[in-house]
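Student: could you look at this predicted model? Sequence included:
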Amino acid sequence: MKWGWVLLGVFLSLGTLSWGEKGLQIPEYDGKDRVHDLNAKNYKSIMKKYDVMVIYYHKNADGNRHATKQLQIEELALELLASPAAMVYQLAAQVLDDLDDEDIGFGLVDEKKDMAVAKKLGLDEVESIYIFADNEIIEYDGELAADTLVEFLYDVIEDPVEIIDNERELKGFHNIDEVIKLVGYFKSEKSAHFIEYDDAAEEFHPFYKFYATFDPKIAKKLKLKLNEVDFYEPFMEEPVTIPGKPYTEAELVDYIEEHDRPTLRKLEPHSMEKWEDDIDGEHIVAFAEEDDPDGFEFLEILKEVARENTDNPNLSIIWIDPDNFPLLVPYWEKTFRIDLSSPQIGVVDVEDADSVWMEMDDQDQMPTADELEQWIEDVLSGKIDPDDDDYEVEDDDDDDDDDDDDDDDDDDDDEDDDDDDDDDDDDDDDDDDDDDDDDDDDDE
């Protein structure tokens, strides 16, 4: 994951803003170096000190002034992240008595100098952040912004399975609809079937949400049988019961991996890897602000279409709320030539960013579900294709050439006509001369 200009905003936002009221004071960098430069001699001892280790695997900066300067900015960003992370977890420890405070460390690994360390730790993508926690390696594919990374780390240190014990927690479970989630009913935490479920959850933590209940009353409301697990696709009203209970960890992992591309999924600042999961090099992308009346209406129509087509394996729509990516809005508008002040849906080529967007006749009137579904069908059938733009340009050039040829032909025809006219004039003159000669003879 490449960070670029996003890094600058990290320390600017943290180091300059501060309110006088207690509780709203954003911490400023205090000058203490909290980022470790990991190498073959020290990485094991340093990593043992922390419950969670955050490592930035960066390009080698030797002899490159620009790269060195960039690395200094990135290192400063990571140092700034350490301070708010500690504050967040200290506050969480006070509010949640049953959550132990976690020690979080930040480190740097150089692509060239620390090749052995990178190989030992399994770091394979340069300019990426890796998080080591509970014997798991998690690659962070989100924005390098302090609040986004800290929020993600907060999810990482939580238990992979959240237990639903009461009605309020059940209501909270139902309110979550933007991510893949699973829920199972088990006898107890010591149940062998729950342990298999918990092990499977660790494989997908924190990207997917795993829930469980040991309460038969809660299970009844969820329509779950003992040792049964339901799979919820994002924005779908009804779950799918995973067949073949009771399950092993491997069976659960296999099922989830087979169904990990939802019909409608939301791009989040902390999980932008969805953009890499394209279908045949293309994405159907919908822009809509959920807090905007038009955006909300369009999103509800989009959900309706997704629910009606959830069995189509070739359909996957990425929903982007522009409010979540304010710095990218100008770039998207310029690249795709669209106005994100109103909802948009289009098909995008992920390699060259060519795109075709649905024409909405009336911006005040959103398309119906039938109209939207027909447009999507045209995309899936290839009738609407972003690559067609390339052919249109070529066709235009061909048309221009044809026009030039036609003009040349017209000019040739005009010249021929002029020549014919000249010949006719000459013939007329000759005839006149002959007539004059005849008249002269008659006079004689």
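Tutor: Great, that's in hand.
Student: and the gap between Pro239 and Val54?
Tutor: If you measure Pro239 against Val54 using C-beta to C-beta, to the nearest Å, the figure is 34 Å. Any C-beta I mention is one placed from the backbone N, CA and C, and that applies to glycine too.
Student: let me know the average pLDDT across stretch 305-324.
Tutor: On average, the pLDDT along stretch 305-324 is 92.
Student: could I get the CA-only coordinates of it as PDB?
Tutor: Written as PDB, here are the backbone C-alpha positions of stretch 305-324 (Å, rounded to 0.1, in the frame of the first residue of the first chain):
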ATOM      1  CA  VAL A 305     -31.400  -4.400  -6.600                       C
ATOM      2  CA  ALA A 306     -28.600  -6.200  -4.700                       C
ATOM      3  CA  ARG A 307     -31.100  -8.200  -2.700                       C
ATOM      4  CA  GLU A 308     -32.900  -9.300  -5.800                       C
ATOM      5  CA  ASN A 309     -29.700 -10.300  -7.500                       C
ATOM      6  CA  THR A 310     -27.700 -11.800  -4.600                       C
ATOM      7  CA  ASP A 311     -27.400 -15.200  -6.300                       C
ATOM      8  CA  ASN A 312     -25.600 -13.700  -9.200                       C
ATOM      9  CA  PRO A 313     -21.900 -14.600  -8.700                       C
ATOM     10  CA  ASN A 314     -20.800 -12.100 -11.400                       C
ATOM     11  CA  LEU A 315     -22.400  -9.100  -9.700                       C
ATOM     12  CA  SER A 316     -20.500  -7.200  -7.100                       C
ATOM     13  CA  ILE A 317     -21.000  -3.500  -6.500                       C
ATOM     14  CA  ILE A 318     -18.700  -1.300  -4.500                       C
ATOM     15  CA  TRP A 319     -20.400   1.500  -2.700                       C
ATOM     16  CA  ILE A 320     -18.300   4.600  -1.800                       C
ATOM     17  CA  ASP A 321     -19.600   7.300   0.500                       C
ATOM     18  CA  PRO A 322     -17.700  10.400  -0.500                       C
ATOM     19  CA  ASP A 323     -17.900  11.800   3.000                       C
ATOM     20  CA  ASN A 324     -15.500   9.000   4.100                       C
END
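Student: just the buried residues of stretch 179-188, please?
Tutor: The neighbour-count check on stretch 179-188 (16 or more other C-beta atoms under 10 Å) flags 179-186 as buried.
Student: identify, from the residues you listed, the entry nearest to Lys303.
Tutor: Minimum distance to Lys303 across those is 14.5 Å, recorded for Val179 (C-beta to C-beta).
Student: show me where pLDDT drops low in the stretch 301-444 of the chain?
Tutor: For the stretch 301-444 of the chain, the stretches flagged by pLDDT under 70 are 361-364, 389-444.
Student: mind doing that once more with 90?
Tutor: Applying pLDDT under 90 to the stretch 301-444 of the chain flags the ranges 311-314, 327, 349-353, 359-366, 382, 385-444.
Student: cool, and the stretch 151-300 of the chain?
Tutor: 151-154, 157, 237, 260-261, 270-282.
Student: all the strands of it, in order from the start?
Tutor: For the stretch 151-300 of the chain, the strands defined by DSSP state E, counting those that start in this stretch cover 161-163, 181-185, 209-213, 229-232, 240-241, 264-266, 282-287.
Student: JSON lines please, covering those strands and showing distance to Glu371.
Tutor: Formatted as JSON lines, these follow (distance: least, C-beta to C-beta, whole Å):
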{"stretch": "strand 161-163", "distance to Glu371": "40"}
{"stretch": "strand 181-185", "distance to Glu371": "31"}
{"stretch": "strand 209-213", "distance to Glu371": "33"}
{"stretch": "strand 229-232", "distance to Glu371": "28"}
{"stretch": "strand 240-241", "distance to Glu371": "28"}
{"stretch": "strand 264-266", "distance to Glu371": "17"}
{"stretch": "strand 282-287", "distance to Glu371": "14"}
